[in-house]
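Participant: Sequence first, then the predicted structure, then my questions.
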Amino acid sequence: MAPVIRELEGRPASFESIVIATSQHREMLAQALAAFQIEPDVDLGLTHTNRTLAQFTSQALLALTDALRLAAPDFLLVQGDTSTVVAAALAAFYSGIPIGHVEAGLRSGDLRRPFPEEANRRMASAVTDLHFAPTERARQNLLGEQVLDRDVIVTGNTIVDALHLLPRSTGFHDPTLRTLDWERHRTILVTAHRRETLAAGLHDICRSLKTLVQRHRDLRVIFPVHLNPKVREVVVPELGRTEGIVLLDPLDYGDVIEVIHRSELILTDSGGLQEEGPSLRKPVVILRDVTERPEVVESGFGVLVGTDPDAIVATVSRLLVDEAARQRMTAGTNPFGDGRAAARIVDALERWFAARDGVPATAQAVSR
């Protein structure tokens, strides 16, 4: 959402933006806000820690309803597929506030994978007025769900804009990353945190990483470990003493991007890294059975392997030893656009207000 906030701020004659944060993932949110120098106007101080999905979502719905009542915006923007998105969209719908959904229309086709994100996206779509689809496939998904064509705008993905906003770092903020010898080892970046990956799947991923560093002695694995206790209680005991594997706390955004630049490839079950990989021309090995971003696979940048250890080891080993295969994976066009998504989103908002009011008008927008 950062590029959209910046674009709104760049049009003060048309928009006043109010940034509301639930702080669903406070530590990681703080890192992202710092990277783009954004300070929320309203911080609701909620956190997902030690709360069930139902508890967090219900508390967020009440808090966001109050926040929207006080802010009285003309429009609400939400982005993505978190529980915050569902709560914010529902709060705005109940309050009669029009809604725009950034990164709309992503679908895996399996309501429980990713869980609960697939359901979150579908529920948000049900109450959305303007759907900002990152790709043509996402647009077609929405049209197939009877969303009107006039209400869907293909914009590209704002992740590409975000990468353009940040200059490449000359070093790292994380002290451990600063001490590593980047010339001596080949590096892969790993993340794993999805709910469907937990338990057996996460154990299998850990086994695969052990096998890979044993088989490829020049390999180093950088693994920023999610703060979810259910992730850490598996990953840290299994990999904490494994030579060649570096476990870290979640990295700030600049460090993540610099690690990607220096990596041979990415192993992930994350949605964002499936977008950042193609944008930075790095192969992505997707640790899931299905993805709501099939464009990654179709464009050649990614391959689905699930959490089966044999499949992970075979795929990664092949890519590590076959430079031509890696190059073929990244030879295509980035499926997520040209880095002008935020401008297209804000252009569409201006048209929407002009059509509503009959003439171009100064408007307020609120950005979650």
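Facilitator: Now that the structure is in, tell me what you want to look at. All values derive from a computational prediction rather than experimental measurement.

Participant: Give me the contact list for the helix ranked longest in the chain.
Facilitator: Assignment by DSSP state H gives helix 53-71 as the longest helix of the chain. Around helix 53-71, the neighbours that count as contacts under C-beta atoms under 8 Å, 6 or more residues apart in numbering are 18, 20, 22, 24, 42, 44, 46, 48, 51, 76, 83-84, 86-88, 90-92, 94-95, 97, 116, 366. (C-beta placed from N, C-alpha, C; glycine too.)

Participant: ditto for stretch 111-121
Facilitator: Stretch 111-121 is touched from outside by 53, 81-83, 85-86, 104-108, 110, 122, 194-196, 271, 288-290, 292, with contacts defined as C-beta under 8 Å, 6+ apart.

Participant: Then stretch 125-137?
Facilitator: Stretch 125-137 is contacted from outside by 89-90, 92-93, 98-106, 139, 141-142, 145, 147, 151-158, 294-295, 335-337, 341, 344-345, 348-349, 352, using C-beta under 8 Å, 6+ apart.

Participant: middle-most residue in the protein, spatially?
Facilitator: residue 272 (3.2 Å; C-alpha atoms, centre = their mean).

Participant: What are the boundaries of the helices in the stretch 251-368 of the chain?
Facilitator: 253-262, 271-279, 295-298, 309-321, 323-329, 341-357 (DSSP state H, counting those that start in this stretch).

Participant: So which of these is nearest residue 30?
Facilitator: helix 253-262 (10.8 Å; C-beta to C-beta).

Participant: quick check: domain ranges of this protein?
Facilitator: Domain assignment for the chain by automatic domain parsing gives 2-156+340-367, 175-329.

Participant: so which of these comes closest to residue 168?
Facilitator: Ranking those by proximity to residue 168 (C-beta to C-beta) places domain 175-329 first, at 6.8 Å.

Participant: chain center to the closest one: distance?
Facilitator: On the basis of C-alpha atoms, centre = their mean, to the nearest Å, the separation between the geometric centre of domain 175-329 and that of its chain is 16 Å.

Participant: returning to that earlier point: now render the helices of the stretch 251-368 of the chain as CSV, adding mean pLDDT.
Facilitator: Converted to CSV, the helices of the stretch 251-368 of the chain look like this (pLDDT from 0 to 100):
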stretch, mean pLDDT
helix 253-262, 95
helix 271-279, 95
helix 295-298, 97
helix 309-321, 97
helix 323-329, 95
helix 341-357, 96
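
Participant: Quick check: which of the ones you listed is buried the most?
Facilitator: helix 271-279 (a mean of 24; mean count of other C-beta atoms under 10 Å).

Participant: Residues in contact with it: which ones?
Facilitator: Contact with helix 271-279 is made by 81, 106, 114, 117, 157, 159-160, 163, 189, 191, 256-257, 260, 266, 268, 283-284, 286, 291-293, 296, 299, 301-302, 330, 334-336, as judged by C-beta under 8 Å, 6+ apart.

Participant: go with 7 Å
Facilitator: Defining contact as C-beta atoms under 7 Å, 6 or more residues apart in numbering, one finds that helix 271-279 is touched by 157, 159-160, 163, 191, 260, 266, 268, 283-284, 286, 291-293, 296, 299, 301-302, 334-336.

Participant: among those residues, which are in strands?
Facilitator: Within the contacts of helix 271-279, residues falling in strands by DSSP state E are 191, 266, 268, 284, 286, 302.

Participant: any weak-confidence spans in the stretch 151-300 of the chain?
Facilitator: Applying pLDDT under 70 to the predicted model, the stretch 151-300 of the chain contains no residue that meets it.
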